[in-house]
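Visitor: would you be able to build a 3D model of this:
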Amino acid sequence: MKQITFVIFSVGLFFANVSIADSVWDKSQVNHEGPLKITVYHDPECGCCGDWVDHLHKHGFEVEDIKTSDMQSIKQRLGLPEKLASCHTGVIDGYLIEGHVPADDIKRLLQQKPAIAGLSVPAMPVGTPGMERGERKDPFAVISFDQDGKMDVYKQYWSY
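Guide: Take a look at the predicted model:
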C-alpha cells in the first residue's frame, strides 16, 4: 500500500511540473526597456489572481501585491467601466490593467503609450495567464478603453 501511495504522489508531481513548464505564456515576445512596476489589487481568497501575479514576475515585472476584500470600490475609484470588470486590477505608468491581460500586451502598451485609460480581459476566460486549466484555451480579446468609455479590441487571441 505504501508503494502505491508513493507512485501516485510522484505521478502527480510529474504532471504538475509538465503543465507549468508547458505554459504558452512563459516566453516573452516583447522586450521593454523601462521600469515594469505595477500595483495589483486583488481579493486575498482568489487563487487565479496570485497565478497572474506569478505570470508578471516571470516577465520581469516588479509587483506591489495589495490584497483587499473591497475590490468594487477600488475599481470604481480608478474609473473601470463595469462591463470590463474581472477579478483583479492593476495600475502601471498611469494605465489601468484589468483581469488576465498577458504580460506582453502590457509591455506593448508601455512602448506604444496610446491615449487610452487601460486594457482589460473581461470576465475570466480559461487559458489566459493565471487561468490555465489543462488543454482548454478559450478565444479571448484584450480590450482597450479610454476615459470616456470608448472601447476597442487591442489584441485578439483565437488560438495560442
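Visitor: now the helices for this protein?
Guide: For the chain, helices defined by DSSP state H occupy the ranges 2-21, 47-58, 71-78, 103-112.
Visitor: so what touches the shortest one?
Guide: Helix 71-78 is contacted by residues 41, 42, 43, 68, 82, 85, 87, 88, 89, 91, 96, 98 when judged by Cβ atoms under 8 Å, 6 or more residues apart in numbering. Backbone N, C-alpha and C define where each C-beta goes, glycine included.
Visitor: for residue 130, see how far away the residue lying closest to the fourth one once chain neighbours are set aside is.
Guide: Which is residue 68. The shortest distance from residue 68 to any non-neighbouring residue, by Cβ to Cβ, 6 or more residues apart in numbering, is to residue 41 (5.8 Å). Distance of residue 41 to residue 130, computed by Cβ to Cβ, to the nearest Å: 15 Å.
Visitor: before we move on, what about residue 116?
Guide: Computed as Cβ to Cβ, the residue 116 to residue 130 distance reads 22 Å.
Visitor: report the central residue of this structure.
Guide: Residue closest to the mean C-alpha point of the chain, counted by Cα atoms, centre = their mean, is residue 100 at 2.9 Å.
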